[in-house]
Every structure is written in structure tokens, then in C-alpha cells.
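**Student:** quick check, what structure comes out for this input:
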Amino acid sequence: MVLYYRISLSSFVESLEKTSGPDSFFTIPAKGLMHIVPQEEVEYGLSLLRESIGLYEERKGIPMEKSKKAMPFFRQDSRMLVGPEIGMYVISLYEKPGEPSEPARSAEPSLVLELDYQSLGELCLFENYSLLSCKYEKEPILNHFTTQLEKEYDTFFFNEEHTGFTPDSRFFSMLCNACLEVRHPSSMGDKEWRLALLRSPEEASYRYEPGGSLIPYVPVSLPAECLRRVHLEAFQRQPLLFGTLNGFLKSKGLPAEQLLNLS
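**Tutor:** Numbers count the residues shown, from 1 in each chain. Modelled structure (predicted):
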């Protein structure tokens, strides 16, 4: 199985800037989820978790005055989840090459990287990342959350100091999964995966992007063995680019003839 990641040519060159030789790697940014995913999509996933809390309480006969259904999921005046001060960072990948991860800058050529699923999975195990397949069907999601609440309902609470949560709490994981994995059924055709990691704000890097946004990100280094093919799109617009890119890959110790492909 392979997963696809779209990247601008300049970002791809930058990703290989610090590498060469047989142990080559390329570095791409895992960006803060709350900064790159529409707010309504995150709120949709959390709404299903909130709905599952209500279903669990109804099943257990828990009275309204003791309900946890209305507890806040975000810190006050922030899009950071309650609990430990930890942010979610993602690289969006797709089962088909047509879904953009990073839009090309103006008329700049873009590449589609074909990544080996097994190599990505091994990297995640070694680096404590997660490789998540997005979920789109509402009922299985509700059933999954409700089943987890059988063990977790009595373990979480909320107060002004957020002391009901720890980084390894299962309920905090449920909050993260609701944001990271759940997507609206209308997006089912995307077949999106997310390479995800959790980091505190001080562990992240930051960069200014056009449009006035300050984006937190975490550089993720992928071994060259993760890279199956590099698809160059719209080759006809820049006929010299194929040969130049071939030379660039060779200069980085990569098997250009094996990797480079015209789309």
C-alpha cells in the first residue's frame, strides 16, 4: 500500500537541503491541526464525542444534574484542548494522488510523493508518532466512543485548573482522536490518513505564512526508504525540469531513475 503527499517544488528541495548519501532523509512539516483544519470539522468530531457521552449517560440512567455532556472541551479563549497543554500536529496523506496536502505556490510546479505505508508505520513505532486512517461513518464512531466510556467515564472531570487530565489519560486521547480521526461523511471520498504527533508549545517551531498567519509546526524527518516515487506534474510547462530534478536527486544520493516519474 502507498500513500500520497502533494508538495510544492520549492518545499521538496528544501526538505532535502540537509541530507546526502546512503542515509538520506527528507524533512516535511507536521503543522498544528487547529491552524490547518477548518474549525467546523474539528467541532464535528468533538460533537460526536459529546453525543456519545449523552448516549452513555442515558443508558446508565445518570441524571441531568450530574451530566458531563456540556463540559468544555477547549481552554478558555483558545483552540487548545482542556487538560495538558499539548498541541496536535499532522501531515495529511491520501490513498489517491489527487488530494492536495500542500497547495503549489502560484504557478510553481508541484510534486506528488508516493510513500510506502509499511515504512511509515515502522517510523511511527520508532518515533512515537501515529498513522491514523480518518473515519467518516457516524454510527461506528459513536459506538466506539460509547464503548470506551464504559471504562473512562468515571476517570475524567473538569475544573478551572484542568487537573482532571494528564498527558497519558485515556479520555484526553479520546479528545485528540475526535479531532484527529473524525471527518464529516461528505468527505469520505478523500480517503485521508494523518501522520500525527503531540507536542507542547515550547517544543514546536513557528513560521510566518502568507495571509498573516503564524503557524506552529514540528519538522518530521522521513527516511529515504519511505519514498517510492516522485511524480512530476505539468512537465510540459518546464521541459528542462525533469533533467534538472534528476540531477538534484542524484546529488542527494537518491536513485533518481527509480524514483522520478512524469505525471
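
**Student:** got the residue ranges for the helices in the stretch 1-150 of the chain?
**Tutor:** Counting by DSSP state H, counting those that start in this stretch, the stretch 1-150 of the chain has helices at residues 9-15, 33-36, 39-60, 117-127, 138-152.

**Student:** among the ones you listed, which is nearest Ser92?
**Tutor:** Proximity to Ser92 (C-beta to C-beta) singles out helix 33-36 among those, at 8.0 Å. C-beta: built from backbone N, CA, C; applies to glycine.

**Student:** for the closest one, what is the distance to the chain centroid?
**Tutor:** 9 Å (C-alpha atoms, centre = their mean, to the nearest Å).

**Student:** from the contact counts, what lies against it?
**Tutor:** Judged by 3 or more C-beta pairs under 8 Å, 6 or more residues apart in numbering; DSSP states H and E, helix 33-36 is in contact with strand 87-94, strand 213-223.

**Student:** swap in 10 Å and give it another go.
**Tutor:** Contacts defined by 3 or more C-beta pairs under 10 Å, 6 or more residues apart in numbering; DSSP states H and E place helix 33-36 against helix 39-60, strand 87-94, helix 170-180, strand 213-223.

**Student:** show me how far the first one is from its chain's centre.
**Tutor:** Its chain's C-alpha centre lies 21 Å from the corresponding centre of helix 39-60 when counted by C-alpha atoms, centre = their mean.

**Student:** cool, stretch 117-129 as well?
**Tutor:** A distance of 14 Å separates the centroid of the chain from that of stretch 117-129, by C-alpha atoms, centre = their mean.

**Student:** mind listing residues that contact it?
**Tutor:** With C-beta atoms under 10 Å, 6 or more residues apart in numbering as the test, stretch 117-129 has contacts from 1-3, 30, 89, 91, 93, 95, 116, 130-132, 193, 195-198, 218, 220-228.

**Student:** the helices of the stretch 1-150 of the chain into CSV, with extra columns for distance to Pro109 and mean pLDDT?
**Tutor:** Converted to CSV, those look like this (distance: least, C-beta to C-beta, whole Å; pLDDT from 0 to 100):
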stretch, distance to Pro109, mean pLDDT
helix 9-15, 5, 90
helix 33-36, 22, 92
helix 39-60, 29, 95
helix 117-127, 25, 94
helix 138-152, 38, 94
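
**Student:** any chance of those helices in JSON lines, plus distance to Ser205 and mean neighbour count?
**Tutor:** Shown next, in JSON lines, are the helices of the stretch 1-150 of the chain (distance: least, C-beta to C-beta, whole Å; neighbours: other C-beta atoms under 10 Å):
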{"stretch": "helix 9-15", "distance to Ser205": "14", "mean neighbour count": "17"}
{"stretch": "helix 33-36", "distance to Ser205": "13", "mean neighbour count": "18"}
{"stretch": "helix 39-60", "distance to Ser205": "22", "mean neighbour count": "16"}
{"stretch": "helix 117-127", "distance to Ser205": "16", "mean neighbour count": "15"}
{"stretch": "helix 138-152", "distance to Ser205": "32", "mean neighbour count": "15"}
